[in-house]
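Trainee: Give me the fold of what follows.
(one chain, ligands or ions: 1)
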Amino acid sequence: MTPDFHPVFFSPEFINAPILTLHAVFCVCLFTFLFMLFLVPGGVAWALSKSSAKPNIPGPVTALLGVFTGLTPHRALAKLARSYSAEKLMAFSIGLTRFVISSEPETAKEILGSAGFADRPVKESAYELLFYRAMGFAPYGEYWRNLRKISALHLFSPKRIAGFEGFRCEVGLKMVEQLKKLMSEKREVEVKKVLHFGALNNVMMTVFGKSYGFYEGEGVELEGLVNEGYELLGVFNWSDHFPLLGWLDLQGVRKRCRSLVEKVNAFVGKIIEEHKIKRVKGEYVKDEGMSDFVDVLLDLENENKLSEADMIAVLWEMIFRGTDTVAILLEWILARMVLHPEIQAKAQSEIDSVCGSSRLVSDADIPNLRYLQCIVKEALRVHPPGPLLSWARLAVHDVTVGDKHIPKGTTAMVNMWAITHDERVWAEPEKFIPERFVEDDVSIMGTDLRLAPFGSGRRVCPGKALGLASAHLWLAQLLQNFNWVASDDSDGTVDLAERLKLSMEMKKPLSCKAVSRVVV
Ligand code: HEM
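Mentor: Numbers count the residues shown, from 1 in each chain. From the prediction side, this is the model:
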């Protein structure tokens, strides 16, 4: 039987009407859903969190896309935390990544000390550069524990740091010579390059048992590789937060990482090969505590033995971490010396009184150079090389911080810069006053979160003592040998603008005069 359809049933208006209604309902639902989504404190990634307990941590509802592409994310995040009264803990989203950040010592300590945050999120660049097999990004577990144990014993032990004093001193004197040469050629020096090369050479010797001349041969190649790695690890990579963009590699990060890994494998592989050949020829004599780190890793036995690929990752990471941080810290300190001649003079008179006028400063003098140590501390406070502690933490399971529930997979950060610039924590935080540490000898090794430039807890920087030993000695040598003065065209000032890449650098590299002082 044919249904008795009225022609109106076949009219386009009739057919479209329910579809239109459906569309309208769908749009309203979508709009409401998106509206609700964007109202969740912390933004989209928090709204999409599968966790049943919604954390209700204060924070901006919009995604912070611009913050990490800017020059000073630590400042932007500190300002935001204040505006939300969220210094203890602030939630935010970047793409689909959920973040919390603490800008206050107590909560920071809770995060860094918690086993729940003992992992690190592995960025695409870190993964591609094979850093997930090195200590800094290895998942919290047996492999990571083993690497920490081996390096604590053979790379960072007090005996070993002391054992390398001679070479550290030599590197400092090489820097002094290089600075004199540059001064005679150009009448001013861009210090970063010299400091970077010194720091690189120092780590190369402890790790690879090799040193290079300034600006020549393989040393130049190595510097190029290290610089490219910094660039890649420092880049804000959209693929890390928008997984769909991953395969497009819009910024070319993956392509550049793969090309770098090939070169690093060849460079480091050759050094490992040289060590193996020495062994075959019987030229290697094991020296407990003083062998270079390649030999230490080659000496590992049985279940601890690393594959060659893992060895390359571990060795490369050490070169990487030990170079930039120390060079950048010293560049900031020298900038401060130029800006504050009275502080510089006080440090020099301390060195002169400890060493007299006929002796070069050495490691043994550092414990007596109290004011110089205060200068280093104050520089770490005002210009922390890792203002966001460089490498974030990842919640391995659901964690409670204070009374807030933080779901597994959340990235946790500490804004150390915000803490060290908070007037509730530090008097006159913007001022460079080393004297504050003469009265209050705050520990900077990770127990007191008012000033923890090396982080804290299980994943605290294992190279902190080595980094400080180098910074103290080289600063003493640079102050013993030179007066640091502003360049002629600078009106006596130094541009202290910052730029956070992998570490917090001077946006405009320091260029000044190193005027020789009369020493031995
Ligand atoms: C002024 C010098 C240095 C500063 C300011 C610095 C800072 C830091 C910071 C903030 C962290 C993260 C800590 C955390 O998550 O709690 C770190 C980790 C690390 N640092 Fe340093 N560092 C310095 C020197 C060095 C040196 C000289 C080396 C080695 C040669 C080194 C090797 C490492 C490694 C391997 C890690 C990862 C540790 C892990 O995840 O288990 N650092 N550093």
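Trainee: For this protein, give me the ranges with low pLDDT.
Mentor: Residues of the chain meeting the criterion pLDDT under 70: 1-20, 22, 25-40, 51-55, 63-65, 288-289, 519-520.
Trainee: Contact residues of it facing the ligand?
Mentor: For the chain, the residues in contact with the ligand (CB under 6 Å from any ligand atom) are 112, 135-136, 148, 203, 317-318, 321-322, 325-326, 329, 385-386, 389-391, 453-457, 459-463, 466-467, 471. In short, each C-beta sits where N, CA and C put it, glycine included.
Trainee: quick one: the helices in the stretch 1-150 of the chain?
Mentor: 12-37, 44-47, 73-83, 105-113, 124-128, 142-154 (DSSP state H, counting those that start in this stretch).
Trainee: So the residue with the shortest distance to the centre of the chain, which state does it fall into?
Mentor: Residue closest to the mean C-alpha point of the chain, counted by CA atoms, centre = their mean, is Ser390 at 3.1 Å. Look at Ser390: counting by DSSP: H, G, I helix; E, B strand; the rest coil, its state is coil.
Trainee: wait, isn't it in contact with Ser503?
Mentor: Yes - counting by CB atoms under 8 Å, Ser503 is a contact partner of Ser390 at 6.7 Å.
Trainee: hang on, the earlier thing: ok, the residue nearest to the centre of the chain - contacts?
Mentor: By CB atoms under 8 Å, 6 or more residues apart in numbering, the contact list for Ser390 reads Leu502, Ser503.
Trainee: can you check Leu334 too?
Mentor: Counted by CB under 8 Å, 6+ apart, Leu334 has contacts Val191, Leu478, Trp484, Leu510, Cys512.
Trainee: Give me the helices and strands touching the host helix or strand of the second one, please.
Mentor: The one in question is Leu478. Per DSSP states H and E: Leu478 is located in helix 464-481. Of the remaining helices and strands, those touching helix 464-481 by 3 or more CB pairs under 8 Å, 6 or more residues apart in numbering; DSSP states H and E are helix 158-163, helix 165-186, helix 191-208, helix 308-339, helix 341-355, helix 370-382, strand 511-516.
Trainee: So for the first one, what gets flagged as buried?
Mentor: This means helix 158-163. Arg160, Ile161 (16 or more other CB atoms under 10 Å).
Trainee: go on, the last one?
Mentor: In terms of neighbour count (16+ other CB under 10 Å), strand 511-516 has its buried residues at Ser511, Cys512, Lys513, Ala514.
Trainee: and the closest residue to Glu110 other than its chain neighbours, how many neighbours?
Mentor: The shortest distance from Glu110 to any non-neighbouring residue, by CB to CB, 6 or more residues apart in numbering, is to Val401 (5.5 Å). Residues lying near Val401 (other CB atoms under 10 Å) number 23.
Trainee: and if you look at Asp324?
Mentor: 25.
Trainee: ok, now Ala266?
Mentor: The number of residues packed near Ala266 is 11, by other CB under 10 Å.
Trainee: mind listing what's buried in stretch 406-416?
Mentor: In terms of neighbour count (16+ other CB under 10 Å), stretch 406-416 has its buried residues at Ile406, Pro407, Gly409, Thr410, Thr411, Ala412, Met413, Val414, Asn415, Met416.
Trainee: Other residues contacting that stretch?
Mentor: With CB under 8 Å, 6+ apart, stretch 406-416 has contacts from 49-51, 55, 57, 74, 77-78, 81, 97-103, 108, 111-112, 117, 121, 384, 386-389, 392-400, 449, 452-453, 455.
Trainee: and with 7 Å instead?
Mentor: 49, 51, 55, 74, 77-78, 97-103, 108, 111-112, 117, 121, 384, 386-389, 392-399, 452-453 (CB atoms under 7 Å, 6 or more residues apart in numbering).
Trainee: Now a PyMOL select for only the buried ones of those.
Mentor: Remark: buried members of those, expressed as a PyMOL selection using 16+ other CB under 10 Å:
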select buried, resi 49+55+74+77+78+97+98+99+100+101+102+103+108+111+112+117+121+384+386+387+388+389+392+393+394+395+396+399+452+453
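Trainee: ok, the residue nearest to Glu110 touching Glu106?
Mentor: No - here Val401 does not reach Glu106: they are 10.2 Å apart, not a contact under CB atoms under 7 Å.
Trainee: Among the contacts of stretch 406-416, which are located in strands?
Mentor: Residues of the contacts of stretch 406-416 located in strands (DSSP state E): Thr97, Arg98, Phe99, Val100, Ile101, Ser102, Arg393, Leu394, Val399.
Trainee: still on that earlier bit, inside strands: which ones of the buried residues of stretch 406-416?
Mentor: Checking the buried residues of stretch 406-416 against DSSP E, those in strands are Ile406, Thr411, Ala412, Met413, Val414.
Trainee: can I get the residues you listed in TSV with distance to Met183?
Mentor: Below are those laid out as TSV (distance: CB to CB, whole Å):
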residue	distance to Met183
Ile406	53
Thr411	45
Ala412	46
Met413	41
Val414	40
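Trainee: Count the neighbours of whichever residue of the stretch 1-150 of the chain sits closest to the ligand for me.
Mentor: As assessed by CB to the nearest ligand atom, the ligand sits closest to Gly136 within the stretch 1-150 of the chain, at 3.6 Å. By other CB under 10 Å, the residues close to Gly136 number 22.
Trainee: go on, Val220?
Mentor: Val220 has 13 nearby residues by other CB under 10 Å.
Trainee: And Ser125, by the same measure?
Mentor: 23.
Trainee: list the contacts for it?
Mentor: Ser125 neighbours (CB under 7 Å, 6+ apart): Leu232, Leu233, Val235, Asn237, Val253, Cys257.
Trainee: and stretch 209-226, C-alpha only, in CSV?
Mentor: Taking Å, rounded to 0.1, in the frame of the first residue of the first chain, the C-alpha atoms of stretch 209-226 are listed here in CSV:
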residue,chain,number,x,y,z
GLY,A,209,90.3,11.9,29.4
LYS,A,210,91.0,14.3,26.5
SER,A,211,91.5,18.0,26.2
TYR,A,212,91.5,20.4,23.2
GLY,A,213,93.2,23.6,22.3
PHE,A,214,91.1,26.8,22.1
TYR,A,215,89.3,27.2,18.8
GLU,A,216,91.2,24.5,16.9
GLY,A,217,90.7,21.1,15.3
GLU,A,218,88.3,18.6,16.9
GLY,A,219,87.5,21.0,19.8
VAL,A,220,85.7,23.2,17.3
GLU,A,221,83.7,20.3,16.0
LEU,A,222,82.8,19.2,19.5
GLU,A,223,81.6,22.7,20.4
GLY,A,224,79.4,22.8,17.3
LEU,A,225,77.8,19.5,18.3
VAL,A,226,77.2,20.7,21.9
